[in-house]
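1. Provided below are the primary sequence and the corresponding predicted coordinates.
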Amino acid sequence: MNSKVLITARVHEYLINRLEGKGYEVIYRPSVTYDEAMQLLQDCIGLIVTTRLRVDKALLDHAPLLQWIGRLGSGMELIDVPYAESRGIRCVSSPEGNCDAVGEQALGMLLCLLNNVLKSNLELRRDIWERDGNRGYELNGKTVGIIGYGHTGAAFARKLQGFDVQVLAYDKYKKGFSAGYVQEATMEDIYAKADVVSIHLPLTDETRHLANAAFFNAFAKPTWFLNTARGKIVHTADLITALEAGTLAGAGLDVLENEKLSTYSETERRQFERLLQLPNVVLTPHIAGYSHEASIKMPAYVLDKLGI
């Protein structure tokens, strides 16, 4: 019986060992190209992906035996799920597996911004001992707005417990989730009250460039802005303008519109360099959901859902 599974990204050995322990033949190609995947998938029944490979109709048409696709992490925007499901291919993801990692990263970036941790550290590396210019703000007493209350938004809300903050959360497609530490809110509530706003949304046609000039200007006071979701949700030029104008108090970004630095246009390069120069910006290279623990939990959730 054919039992080949193609893995298209670097994964923890847990995933490979568990598949092989169940009798699957693992084809481990963490650097596979699209064209190579097209050839390899011709006799595979399973496919494991992250965010590196686009699984479109053309690729799926070269996988006549494919039975399932496992996405490590959250967000299915790179997979043509409707077409796959029309072919009887089951598609599962594992947002439960890295939501705690994302929640912790968002909190860490926020504290880094509020307390000038990165700014003062970089100054000290240049022999600058500056206290007054690095006086921080306490998270205590602030209002945090969370946009998107799925697994990661809910995880961030849980991490905020103990900081004596008011947490307001808005989700267009979910209702009735208020709890002791989070209050369901409208976007108008968040615009009016938030000191901090954190994005936890998938990338869709609806959310692309959601965080634009109109969005930033809608807040009643300067806010700290966090994005650990998808870079293309943010309009980078508008973000920089808002930071320079003081509309935003600061930004913590784990994701960028274009994360392939070697492909940058002149405009993208200028924008990236400007973000690096701004003292109230913290950037990380899409590592929020990339913890050691998540590297095991994500495949565990995927395989559990697939019954493997």
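-> Received, thanks. This is a predicted model, so every value here is computed, not measured. Numbers count the residues shown, from 1 in each chain.

2. quick one: L78 and V49 touch, right?
-> Yes: between L78 and V49 there is a contact at 7.3 Å, judged by CB atoms under 8 Å. The way it works is simple: take the backbone N, C-alpha and C, and place the C-beta from them, glycine included.

3. mutual contacts of those two, please.
-> Common neighbours of L78 and V49 (criterion: CB atoms under 8 Å, 6 or more residues apart in numbering): V55.

4. these two: who's more crowded?
-> For L78 versus V49, neighbours defined as other CB atoms under 10 Å are more numerous around V49 (22 against 16).

5. hey, what's the more buried one bridged with?
-> Residues in a beta bridge with V49, per DSSP bridges, are R71.

6. how far away is it from A288?
-> Going from V49 to A288 by CB to CB, to the nearest Å gives 18 Å.

7. what's the spacing between the residue nearest to S93 when sequence neighbours are not counted and Y301?
-> Once flanking residues are discounted, S93 sits nearest to R71: 4.0 Å by CB to CB, 6 or more residues apart in numbering. According to CB to CB, R71 and Y301 sit 10 Å apart.

8. likewise for I27?
-> Taken as CB to CB, the span from I27 to Y301 is 22 Å.

9. re the thing from before, name the residue in R71 and Y301 with the higher neighbour count.
-> Each of R71 and Y301 has its neighbours counted (other CB under 10 Å); R71 has more, 23 against 20.

10. ok, the more buried one touching I79?
-> Yes: counting by CB under 8 Å, I79 is a contact partner of R71 at 6.5 Å.

11. mutual contacts of these two, please.
-> Both R71 and I79 are in contact with 49, 91, where contact means CB under 8 Å, 6+ apart.

12. enumerate the positions of stretch 77-96 that are buried.
-> Of all the residues in stretch 77-96, those buried under the rule 16 or more other CB atoms under 10 Å are 77-81, 84, 89, 91, 93-96.

13. er, stretch 194-210 actually
-> Using 16+ other CB under 10 Å as the burial criterion, the residues of stretch 194-210 that qualify are 194-203, 207, 210.

14. then stretch 131-140?
-> Buried residues in stretch 131-140, counted by 16+ other CB under 10 Å: 134, 139.

15. what of stretch 2-11?
-> So for stretch 2-11, counting by 16+ other CB under 10 Å, buried means 4-9, 11.

16. element containing L203, please.
-> Under DSSP states H and E, no helix or strand contains L203.

17. can I assume I69 sits in a strand?
-> Yes: using DSSP: H, G, I helix; E, B strand; the rest coil, the assignment for I69 is a strand.

18. tell me the contacts of it?
-> Applying CB under 8 Å, 6+ apart to I69 gives the contacts 46-49, 55, 79, 84, 89-92.

19. check what pLDDT it gets.
-> Listed pLDDT for I69 reads 97.

20. just checking, A249 is part of a helix?
-> No: counting by three-state DSSP, A249 falls outside a helix, being strand.

21. point out where the stretch 101-250 of the chain drops to low pLDDT.
-> Applying pLDDT under 70 to the stretch 101-250 of the chain picks out no residues at all.
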